[in-house]
Every structure is written in C-alpha cells, then in structure tokens.
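**Student:** Sharing a model that was predicted from the sequence below.
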Amino acid sequence: MSTMVPARMETYQGSDGHYYGAPYHVGATVMYYNVKAMGDAMGLSQADVIAKIDGVKTWDDYEALGTEYVEAAGEKGTKYWTSVDTAGTDWLWLAMAEYGEDWTGGFDGKANVQLDSVKKMLTMQQKWLKSDLAEVSPDGHVDLEAGFQNIMDHNIVSFPKAMWYMSRFTNYMPDEKGNWYIAKCPTFEEGQKCSVGIGGTGTVVTQQSKAKELAAEFLCWAKMSEVGEQNIWDTLGFDVCNTACWTNDTFAHNDENQYNQFFINYPYDVLNSIGMDNIGKISVVKISPTINENVCNTTLNEVLEDPDYSVDDALQELQDAVDMEQEE
C-alpha cells in the first residue's frame, strides 16, 4: 500500500474502509501537445516549443500559448488550439480535482453540481469557443474515430486526456509517432493538484467463486505486483499504480517499449513530476450515473454548443435533475 497511488486505491474503497477492487492503472490526466505542428506553425525548433510548453503552469498560461499558436497558424476557425467535449466529463473532473471538490458528495454527502470549479471550467471553455481558440470535439470527444481523425489532421494540437490514451495513438494514429509531447495539466492556481485519475478498470472477485482467497491473491499479483505491472505497461500501455515502478530505470526508461518510443519524452518522467499525491479522485457512488448521464446528454451540449448559454442556468437545471433522483 505504501507504493500504490492513494487516489486509485480509494476509488475502490467502500464506506466501511475495505477495498473491493484492484485497479488496472492510474488513468492520470495529462496534457498531450503536438510539438511538430506547433513548431511548423510558429517557426520554432522542437526544443523551443518544448520550452514554451514546460513554461505553462496555469490555464492563463495555456490560453496565452494557444493564442500565440492560433495566430501563427493563420487559419482561425479551421486550426484550433484544443477541443472541448460535449459527451465526456474529463475536463470537469480535472477542474474539480484541482480545487479538491467532488460533485457526488461521496458516500455521506449530497450531490452538488453547482461547484465553483465546474463553473470556472465551463465559463473558460465558452470563452475559448467564442475566440476560436477551441472547437467542439467531433462526435463529442477525442476518443472516437472522428476525434482520432481530427488529431491526425492537426485541427487541434493539444488536449487533456488520461495516460491510457497513449494506446489510442499507437493503435489508431501510428503516423503521429515522434510528434507528441506529454506534460502536466495546467491549474487554475499554482500549487493545486494537476491531475485526476480517470478510468481505472477495477476488477473484483465474486462471492460465488470457489477459491475466493486464491483468486484475490492472483488478482493483486496480476494488477499490483511489479511483475504484473511490467506486463500491463508493456502490453497495454497503462500507467501503473505501483509507484515503485515509476523510478525503476529499466521499467520506466526501457527504449524497447512501444510507448516510450512513440512520444518525445518518457511518460513516467511526467508521472514522477506530478507525484502520486497530486492525482485527485472523484467518487463513484450511487448518484454518479445520474450526474454523468445528465451532464453528457444535456448540460455540456447547452453550454458548449451555444457559448452564450448561461452556465448558472445550465447547472441549476442539472442540479434539479440530480435532486429529483436523490429524493426518490
């Protein structure tokens, strides 16, 4: 437990303190940048682009660099800095993690979607849409075929996504090899947590198992031991939860690994720069499906398809829908 990422273990922890699942990966949210496209548009070397990216600490910094890129690209309304999702909550989870907020209320609290972090992110995204810094993601988010094509067409050159998205590059966008750099996500205020675990694919042992203890022991070995983590990283490209592997040079800097080969920098160098205590968690509880369904089907479409739509009104509508479910 001392080497496991706390936020990932807590995701599968019940209200009684027991752990009910073993995680496949951290799913740490990071920022992906197309250094090649940025350099071509801005007339900068790879080193100079990376220096600019590494200088991004806050969302204000991120917006400033994006404005510089879009102006240099000279195709405003066609080439964008990023895209925002109408069918996914990743951006909002990241915002909540940065402020230490959780719209589910956890096991004991009442769900509250009208959080400052959520309002700040949606308001910022509306600003980007109005200024042509961002577009709405084709098909709703970047993890679909239209999203892959949009990335390959270099219509966007940066976006936040969990580290498991690395396999989308190797599987669906192999020609992008050598173009992309991974970095920490910006924060609203310096010193905030800069990542959140998304996904994780917890695995459990059923009560019907004829060998529950053996199955649980195997599960922990396969998903959390250093041997198991080696296979998870090499085969699946998942960012592993056992942080002992992060600083193991033969693990993290193995140049035969396809993911180490694909990106400009080593993914685990980014994880180490984040640190396991800077990865936030949003609870998954009974009300979670209701929140996610309403956010993705209604709220995000309201405020992002129409950037003049009131964020406060949209979140009030969402809160009303969630409260109706909570009262049942």
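**Tutor:** In hand now; what should we look at?
**Student:** just for the protein, where's the confidence low?
**Tutor:** Along the chain, segments meeting pLDDT under 70 span 200, 327-328.
**Student:** which helix in it runs the most residues?
**Tutor:** Looking across the chain with DSSP state H, the single longest helix is helix 311-327.
**Student:** which strands and helices sit next to that helix?
**Tutor:** The elements that helix 311-327 packs onto, with contact taken as 3 or more C-beta pairs under 8 Å, 6 or more residues apart in numbering; DSSP states H and E, are helix 116-130, helix 288-294, helix 300-305. (C-beta placed from N, C-alpha, C; glycine too.)
**Student:** Please name whichever of these is nearest to Glu145.
**Tutor:** Of all the helices and strands packed on helix 311-327, helix 300-305 sits nearest to Glu145, with 19.9 Å by C-beta to C-beta.
**Student:** what helices or strands is the closest one leaning on?
**Tutor:** Helices and strands touching helix 300-305, by 3+ C-beta pairs under 8 Å, 6+ apart, are helix 116-130, helix 311-327.
**Student:** Pick the most buried one from these.
**Tutor:** Ranked by mean neighbour count, the helices and strands packed on helix 300-305 are led by helix 116-130 with a mean of 19 (mean count of other C-beta atoms under 10 Å).
**Student:** That helix: how far from the chain's middle?
**Tutor:** Computed by C-alpha atoms, centre = their mean, to the nearest Å, the chain-centroid distance of helix 116-130 equals 17 Å.
**Student:** Could you tell me which strands the next helix or strand after it is paired with, and in which direction each runs?
**Tutor:** Per DSSP states H and E, the first helix or strand lying C-terminal to helix 116-130 is strand 134-136. Applying DSSP bridges, strand 134-136 is found paired with strand 82-84 (parallel).
**Student:** What's the local residue count around Gly17?
**Tutor:** Using other C-beta atoms under 10 Å, Gly17 has 6 other residues around it.
**Student:** The one 5 residues further on too?
**Tutor:** Residues within reach of Ala22, counting by other C-beta under 10 Å, total 24.
**Student:** Check Asp60 too.
**Tutor:** Using other C-beta under 10 Å, Asp60 is surrounded by 12 other residues.
**Student:** Next: the one 10 residues further on.
**Tutor:** Using other C-beta under 10 Å as the criterion, Val70 is surrounded by 22 other residues.
**Student:** Help me confirm that it comes into contact with Thr82.
**Tutor:** No. Shown here, Val70 and Thr82 do not form a contact pair, counting by C-beta atoms under 8 Å, at 10.1 Å.
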